[in-house]
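Enquirer: Predicted model follows, preceded by the sequence.
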Amino acid sequence: MLDAGSRSSPLKAERTMLMALLLSSPGPIVTGLAVISNPTTTQIADFVRRTAELVVLFASWWIYRRLQRDSRISQGQRARLERSVQLYVGGAMVCSGLMMLVITMFRLSSGSSAGKATLGLIIAILGLLTNTLFWVRYRRMTREMPDPVIGAQEVLYRAKSSVDLFVVTALSAVAVAPASHVTRYLDLLGSGAVTCYLIWNGLRTVWRSSPKPAPAENREGGLGAS
């Protein structure tokens, strides 16, 4: 029975990834509408982030599905595909962070007010709840069935949940006092915090995805054996 449960775990993981992809699909459209309604710094950054993450979610699901269903994939190809998912996740976080940094600096120099952000706040709260649930699910899966692709999803959704928390905090201040100068700086502070978090975690993920050299003793053993 344990073996049967183990064999069903990859299928469960694939379905979870597909569900996450489908639930994230409306994100760029809805946040784009919020940006059109009122382009606050945090809402623009949130739109850029969700768009990049959607691309990564699709690539991760497609690669994981291929790894589970194509028995002709060699161990070397499998390792490269698993590393590519980690690279996509890290790269998306870094790119989103850099774009957010540019947007934040532009908005800081423009001196415009934060404006209203009720729609963006509602979207961010829903995103926080959904992403936290997926983070918990991927974390459980990683413990029960260690897998580089699933582990990358855990990292991504941990970042998504943390970013959503920053966005909710910043937009809450904007919704309460949209015309306040303090609110404007809180909006910028929220974007800055998200930027730093994304870049830091993205770089860590990219570094972890790079192949590590074999230990020196293994190389010496190999030379001696030859």
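Expert: On my side now, so go ahead.
Enquirer: can you tell me which residue is nearest the centre of this protein?
Expert: Closest residue to the average C-alpha location of the chain: Leu156 at 3.4 Å, with CA atoms, centre = their mean.
Enquirer: Contact partners for it?
Expert: With contact taken as CB atoms under 8 Å, 6 or more residues apart in numbering, Leu156 is in contact with Glu53, Val56, Leu57, Ser60, Val89, Ala92, Met93. From N, CA and C alone the C-beta is placed, and that goes for glycine too.
Enquirer: Mind pulling up the pLDDT for it?
Expert: pLDDT for Leu156: 86.
Enquirer: just Gln77 next, same as before
Expert: Here the pLDDT value assigned to Gln77 is 87.
Enquirer: Find the helix or strand that it is a member of.
Expert: helix 75-110 (DSSP states H and E).
Enquirer: one step back: show me how far the strand or helix carrying the residue nearest to the centre of the chain is from its chain's centre.
Expert: Counting by DSSP H and E, the element that carries Leu156 is helix 148-176. From the chain centre to the centre of helix 148-176 is a distance of 8 Å (CA atoms, centre = their mean, to the nearest Å).
Enquirer: Just the buried positions in that helix, please.
Expert: Within helix 148-176, the residues scored as buried using 16 or more other CB atoms under 10 Å are 148-168, 170-175.
Enquirer: got it, and stretch 47-57?
Expert: Across stretch 47-57, burial judged by 16+ other CB under 10 Å covers Phe47, Val48, Arg49, Arg50, Thr51, Ala52, Glu53, Leu54, Val56, Leu57.
Enquirer: likewise stretch 87-103?
Expert: By 16+ other CB under 10 Å, the buried positions in stretch 87-103 come out as 87-97, 99-101, 103.
Enquirer: So which helix or strand of the chain has the lowest pLDDT on average?
Expert: Lowest by mean pLDDT, DSSP states H and E among the helices and strands of the chain is helix 216-225, with a mean of 49.
Enquirer: So, low pLDDT: which residues of this structure?
Expert: Along the chain, the parts satisfying pLDDT under 70 run over 1-8, 40-42, 106-117, 119, 174, 177-180, 183-184, 187, 210-226.
Enquirer: same thing but 50
Expert: For the chain, the stretches with pLDDT under 50 are 1-8, 219, 223-226.
Enquirer: Let me see the contact set for Glu154.
Expert: So Glu154 contacts Trp135, Tyr138, Arg139, Met141, Thr142 (CB under 8 Å, 6+ apart).
Enquirer: Could you rerun that using 10 Å?
Expert: Val89, Phe134, Trp135, Val136, Arg137, Tyr138, Arg139, Arg140, Met141, Thr142, Arg143, Asp147 (CB atoms under 10 Å, 6 or more residues apart in numbering).
Enquirer: So what does Arg72 look like in phi/psi?
Expert: As for Arg72, its main-chain torsions (degrees, to the nearest 10) stand at phi -80, psi -10.
Enquirer: Check Thr16 too.
Expert: Dihedral pair for Thr16: phi -60, psi -40, per degrees, to the nearest 10.
Enquirer: swap in the one 10 residues further on?
Expert: Reported as degrees, to the nearest 10, the phi and psi values for Pro26 are phi -70, psi -10.
Enquirer: Give me the number of neighbouring residues for it.
Expert: Using other CB atoms under 10 Å, the number of residues around Pro26 comes to 12.
Enquirer: What about Asp70, how many residues nearby?
Expert: Neighbours of Asp70 (other CB under 10 Å): 11.
Enquirer: State the distance from it to Ile150.
Expert: 18 Å (CB to CB, to the nearest Å).
Enquirer: just Gly32 next, same as before
Expert: Using CB to CB, Gly32 is found at 30 Å from Ile150.
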